[in-house]
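>>> no sequence on this one, just coordinates:
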RNA sequence: GGGCCGUUAGCUCAGUUGGCAGAGCACCUGACUUUUAAUCAGGGUGUCACAGGUUCGAGACCUGUACGGCCUACCA
C-alpha cells in the first residue's frame, strides 16, 4: 500500500522523468534575473507614470506558490525574498517546449520567467510570460496555502517550510538581522572595535553556569564551550583596546524554556575609563535607537503592554525594590540563614543549597522581575552574587552593577569592572570555597586572567546584552524559539 | 525533574454514547481567454504518534513510551 505522500512523490518523479526525456535539465546551474519581484513592481509603476518609458522584457525568478488555471490562460504567483508577483501564461503564446514543461509544473517549483509587465483589469501587477525556465523541480508538496504551517514542532524542525509558508516568520528573522546590524553600527560609530575570542576554552569563566564539555584529540585535552565573553574581552582592554565588543554565541548546559536556549547570542562590550553609569546611558540609547531604526518608533507593544524605550529609563535600587515588592530588606539579613528564614516566612519554597546571592536572585525573579514591564535599571547588587564587579566606594557589601529589565525579562547586565587583581583572586577563591562547601561542581580559576589583571586594567565599564531577548522584545515574541532559526529540540526517534 | 494538554491524509482540521476513516487545501482527470483562497464536474491515496490492555468490536476507554506545547522547577 502506497501512502499518499509516496504517491505524490511518485507523480513528481514521473514529471521529472518526462522533463528529462525532453532534454531539459530540471536543475540548471544559474539564471540571470534582471529584477526582484519588488523591483519589477516598482518598474511597472515607473512605466505607468511616464509616456516615454517603454515596457521592456524583464527576467524574474522565484518559487511557484499558486496556480489559477482559466482554460487557455493561467495565473501563477511566484515569491522571492523581496515579495511576490503574478504571472500570466497564455498557452497559445508559449513555445511547444514551454507548453510541455508548463503541464508538468507544480506549486513549489522554482522557475525563471521573462516577459513584459502589465496590469490585469483588476489592476494586479502581472508579468506576461513569453518564455520560462525550470530552475528546480520540487518533489515534496508544500504546506497548505491558506492556513500555512502551524504545527509548531514542524515549524522549528523544518524551518525552511515555516519561512516559505508564513511571511510573519520571515519578517521576524529579517528584523533580527536588522537589529544586529543596527547594534554594530551604533557601537562602531562610537569607536568600539569588534573582536572575536575563543569559543573553546580550557576553563569556562565570566559567569556561573554549567558549561558543555568537549575534547580535542590532538591535544588530548578537554575544552569547555564558553559561557560568557567577559574574561577574554577584559584581556583586550588590558592589551590597550579601549573600546571592544563581541557579538557571539555562548553555550550554557542548563534548562530549556521559552526564555532559555542552550546556545544563544550575547553582546558584550567593554569601555575603558567608564563606569556603570556611563554604560547605563549607552544601553538605553542603544536600545531606543535600534528600535527607532527598525520599527520607526521607540514605543513598542509587548505582551499586551506598550513599552516606552525612550531614555532615560527608570533607575531604582535593587535593595529598595526588593523591599517594595517582597517586604524583605536584605541588608537587615547579612547572612544566608537569616535571609532564608525571612523568605520562608513568606511561604517561599527555598532551596537549602542556595547561598545568599542566589536567594536574593530568587527574590528578584519572584517578586521584582514580573513587575518590571517598562524598561528599568535595577542598581547595586550584593557583592555575594557579583564576583567580577567593583564594590561601591561607600559600601563594600554592594557592587556597582545593574541589570536592565523590560517586558518582565532581563535583557542586560552590566557593571563597573573589578580591576584590583588581589581582590579578584580573593573573590574567586571565596566563590570556589562556597561552591565546594555546597558540594557543587567547581570551575577552575582562570589563572591566566588573574595574571593579565596584574599587568593593570584601566577602570572599565562592561555590558552584556541577551540579543535573543532583545529581538523578542522588538518583535513582540513570547518565546525565544520564535527568534532563533533552529532552536534546540530533542531528536525525533 | 513535576503537573496539565496535544499527536487523525503532504498541510489545516472534524470525528457525537465504543459500531464502515471524514472535510477543505494540495494532487490526478476533464471544462473554462483577466483570475486573486478562481470556479465547475469527477477521483481518497490513512501504520488514527508508538507498544500493550479492556471489549464481539477501539481513532475514542485503560496503562506505558516517544515527541511537542503551556505552567512549574532549574538558570549570574
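Everything's here; your move. Every value quoted in this text rests on a predicted model; they were computed, and no experiment measured them.

>>> the strands in the stretch 301-450 of chain A, which residues?
A:305-308, A:314-317, A:376-382, A:391-392, A:395-406, A:409-416 (DSSP state E, counting those that start in this stretch).

>>> Go through those strands and name the closest to RNA strand B.
Closest to RNA strand B of these, according to CB to the nearest atom of the strand: strand A:409-416, at 5.8 Å. The C-beta positions use only the backbone N, C-alpha and C, and glycine is treated the same way.

>>> If we ignore the residues flanking it in sequence, what's nearest the residue of chain A most remote from its centre?
Most distant from the centre of chain A: residue A:92, at 49.6 Å, with distances by CA atoms, centre = their mean. Computed as CB to CB, 6 or more residues apart in numbering, the closest residue to residue A:92 that is not its neighbour in sequence is residue A:72, at 6.2 Å.

>>> how much space between the one you found and residue A:90?
Separation of residue A:72 from residue A:90 (CB to CB, to the nearest Å): 7 Å.

>>> swap in residue A:263?
From residue A:263 over to residue A:90 (counting by CB to CB), the distance is 52 Å.

>>> neighbour count winner among these two?
Each of residue A:263 and residue A:90 has its neighbours counted (other CB atoms under 10 Å); residue A:263 has more, 15 against 12.

>>> Check the gap between that one and residue A:254 for me.
Applying CB to CB to residue A:263 and residue A:254 gives a distance of 11 Å.

>>> How about residue A:296?
Applying CB to CB to residue A:296 and residue A:254 gives a distance of 36 Å.

>>> And the pLDDT for residue A:165?
Per-residue confidence (pLDDT) for residue A:165: 91.

>>> you'd agree it is up against residue A:141?
No. Residue A:165 lies out of contact with residue A:141 (CB atoms under 8 Å); the separation is 11.5 Å.

>>> neighbours of whichever residue of the stretch 351-493 of chain A sits closest to RNA strand B, just the number please.
Closest approach between the stretch 351-493 of chain A and RNA strand B, counting by CB to the nearest atom of the strand: residue A:490, at 3.2 Å. Residues within reach of residue A:490, counting by other CB under 10 Å, total 6.

>>> Contacts only, for it.
Counting by CB atoms under 8 Å, 6 or more residues apart in numbering, residue A:490 touches no other residue.

>>> So for residue A:165 and residue A:141, which sits in the more crowded spot?
Neighbour count, other CB under 10 Å: between residue A:165 and residue A:141, residue A:165 has more, with 21 against 15.

>>> Check the gap between the more buried one and RNA strand B for me.
According to CB to the nearest atom of the strand, to the nearest Å, residue A:165 stands 7 Å off from RNA strand B.

>>> Then residue A:181?
26 Å.

>>> Determine whether the claim that that residue is in a strand is correct.
No. Counting by DSSP: H, G, I helix; E, B strand; the rest coil, residue A:181 is not found in a strand; it is helix.

>>> where's it relative to residue A:116, distance?
Taken as CB to CB, the span from residue A:181 to residue A:116 is 36 Å.

>>> Give me the more crowded residue out of the two.
Using other CB under 10 Å as the criterion, residue A:181 and residue A:116 rank with residue A:116 on top: 16 against 13.

>>> now that one, what's its secondary structure?
strand.

>>> what about the residue nearest to it when sequence neighbours are not counted, how many neighbours?
Using CB to CB, 6+ apart and skipping the chain neighbours, the partner closest in space to residue A:116 is residue A:55 (4.6 Å). Counted with other CB under 10 Å, the neighbours of residue A:55 add up to 14.
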